[in-house]
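Undergrad: With the input below, show me the fold.
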Amino acid sequence: MDVKSRLQENLIQELLSYSVFPDPDVLEETIGKYETDSNMWLYGYESEGVLVGIIGFRINDEQEMTIHHLAVEPHSRGAGFGRGIILEIIEEMHPVRIVAETDEDAVQFYRSIGFVIRSLGEKYHGVERFVCTYEIEPEDE
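TA: Numbers count the residues shown, from 1 in each chain. Below you'll find the predicted structure:
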């Protein structure tokens, strides 16, 4: 569900905080981007009526989606919600390709659902970054 209009809610901010550098200023900056940029989308994922995850992304005119934020609340991790979020967003938005940049901690998650992983090297001092790409197969007509 679209949760962009709920950016000032504590739960939305808490979920978003799991996917940004742990700094209140960075979280505020991120919230500001969603509030002011009409090309940024923010969706929440519910399980049994409880919001357990969030995905923030852009999708361009060529239907390439770039994931900027993806998070599942800590007690719900490992239950398949991250994968579910991505499958639901594919169904909803119909991208032809999904791209996400991440750190080493999340590489295995993306690899496990079929993303191709490529190292970007040490983008920040002492931190290797990766680009993860997923090509969506066109449906047979």
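Undergrad: Show me what the least confident helix or strand in the chain by mean pLDDT is packed against.
TA: In the chain, no helix or strand scores lower on mean pLDDT, DSSP states H and E than strand 116-124, which sits at a mean of 90. Using 3 or more Cβ pairs under 8 Å, 6 or more residues apart in numbering; DSSP states H and E as the contact test, the elements touching strand 116-124 are helix 104-112, strand 127-135. In short, each C-beta sits where N, CA and C put it, glycine included.
Undergrad: what ranges of this protein fall below the confidence cut-off?
TA: When residues are selected by pLDDT under 70, those of the chain lie in 139-141.
Undergrad: Quick one: list the elements packing against the helix or strand harbouring Leu27.
TA: Here Leu27 sits within helix 24-36, counting by DSSP states H and E. Contacts defined by 3+ Cβ pairs under 8 Å, 6+ apart place helix 24-36 against helix 10-17, strand 40-47.
Undergrad: ranking these by burial, who's on top?
TA: strand 40-47 (a mean of 19; mean count of other Cβ atoms under 10 Å).
Undergrad: other SSEs contacting that strand?
TA: Packing partners of strand 40-47 (3+ Cβ pairs under 8 Å, 6+ apart): helix 10-17, helix 24-36, strand 50-59, strand 64-72, helix 81-93.
Undergrad: in stretch 81-92, what counts as buried?
TA: 81-82, 85-86, 89 (16 or more other Cβ atoms under 10 Å).
Undergrad: rewinding a little: the helices and strands packed on strand 40-47 into JSON lines, with extra columns for distance to Tyr110?
TA: As requested, the helices and strands packed on strand 40-47 are arranged in JSON lines below (distance: least, Cβ to Cβ, whole Å):
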{"stretch": "helix 10-17", "distance to Tyr110": "19"}
{"stretch": "helix 24-36", "distance to Tyr110": "21"}
{"stretch": "strand 50-59", "distance to Tyr110": "13"}
{"stretch": "strand 64-72", "distance to Tyr110": "9"}
{"stretch": "helix 81-93", "distance to Tyr110": "9"}
